[in-house]
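Novice: Using only what follows, build the 3D model:
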Amino acid sequence: MGKLYYIMGKSATGKDHIYRALLKNDVPLLEPLILYTTRPMRRGETDGREYHFIDAERLEEMRKQGHVIEERVYQTVCGPWHYATVDDGSVDLAHHSYLSIGTLESFVRLRQYYGTEQVVPLYIETEDGLRLAHALQRERKQPEPNYAELCRRYLADCEDFSEEKIEAAGIGIEERIPNNDTLQGCILRVQERILEQEAGTGVL
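Specialist: Sure thing, here's the model as predicted:
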């Protein structure tokens, strides 16, 4: 059986960079599990790579068809943004391992859906001051920077990723991976964690 490796952490911890690097260079045989979202596409993103970008009507169709595994909505200053993991037939854990990215809540629901042994947490941690600096630097590169949304998300993360919720999700100290020095160092630590897990699966 393959495994689903799930990257998560607060905003601006480098999750997207780690996700892309693992798929492109370091663990090339991992398949991406791509989420669906109704939020606007950011500069540099491509539909079907970071996310499947859809509208609210399409998401409602998938709900009615019973394909939505988990879903969450964020009330942003630009309106509601939905994110969802969808059983669209692309996951075959009998023959492949996958990599995805999301929240604590989505991680818990995916474990319930696919099984505890199949879904492996990769929790990325960055010191809060450094994380805020990264978020500000990223937002400044947008065509129309939205600093109000940046602040909302930063504060919301304190609640969404509280120590109590991390522990309740079954994520121990050993599943936490620091990203406070170089990004490449963090990528190597995540890669090592995945290869340790894959050693017994026979998939990679």
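
Novice: residues contacting the residue most central in space within the chain?
Specialist: In the chain, the centroid-proximal residue (C-alpha atoms, centre = their mean) is residue 101; its distance is 1.7 Å. Taking C-beta atoms under 8 Å, 6 or more residues apart in numbering, we find residue 101 in contact with 6, 7, 8, 15, 16, 19, 35. No exception for glycine: its C-beta is placed from N, CA and C like everyone else's.

Novice: Give me the subset of those that lies in strands.
Specialist: Secondary structure from DSSP state E places 6, 7, 8, 35 of the contacts of residue 101 in strands.

Novice: shouldn't the first one be in contact with residue 108?
Specialist: In this case it means residue 6. No. Under the criterion of C-beta atoms under 8 Å, residue 6 makes no contact with residue 108, lying 10.0 Å away.

Novice: Looking at these two, which is more packed in?
Specialist: residue 6 (23 against 18; other C-beta atoms under 10 Å).

Novice: So what sits opposite that one in the bridge?
Specialist: On the basis of DSSP bridges, residue 6 is bridged to residue 100, residue 121.

Novice: separation between it and residue 158?
Specialist: Between residue 6 and residue 158 the computed distance is 21 Å (C-beta to C-beta, to the nearest Å).

Novice: Pass me the low-pLDDT residue ranges in the chain, would you?
Specialist: Flagging of the chain using pLDDT under 70 yields the residue ranges 25-28, 200-204.

Novice: Quick one: the helices in it, in order.
Specialist: Under the criterion DSSP state H, the chain contains helices at 15-21, 56-64, 104-114, 128-140, 147-160, 163-168, 183-198.

Novice: For residue 83, find the nearest of the ones you listed.
Specialist: helix 104-114 (7.6 Å; C-beta to C-beta).

Novice: Which elements pack onto that closest one?
Specialist: Applying 3 or more C-beta pairs under 8 Å, 6 or more residues apart in numbering; DSSP states H and E, we find helix 104-114 packed against strand 4-8, strand 68-76, strand 79-86, strand 119-125.

Novice: Just name the most buried of these.
Specialist: Burial of the helices and strands packed on helix 104-114 is given as mean neighbour count (mean count of other C-beta atoms under 10 Å); strand 4-8 ranks first at a mean of 23.

Novice: send the alpha carbons of that one over as PDB?
Specialist: Provided in PDB are the C-alpha atoms of strand 4-8 (Å, rounded to 0.1, in the frame of the first residue of the first chain):
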ATOM      1  CA  LEU A   4      -0.600  10.000   1.400                       C
ATOM      2  CA  TYR A   5       1.900  12.500   2.800                       C
ATOM      3  CA  TYR A   6       0.200  15.600   4.100                       C
ATOM      4  CA  ILE A   7       2.000  18.900   4.400                       C
ATOM      5  CA  MET A   8       0.500  21.400   6.800                       C
END
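
Novice: packing partners for it?
Specialist: Against strand 4-8 (3+ C-beta pairs under 8 Å, 6+ apart) you get helix 15-21, strand 98-102, helix 104-114, strand 119-125, helix 183-198.
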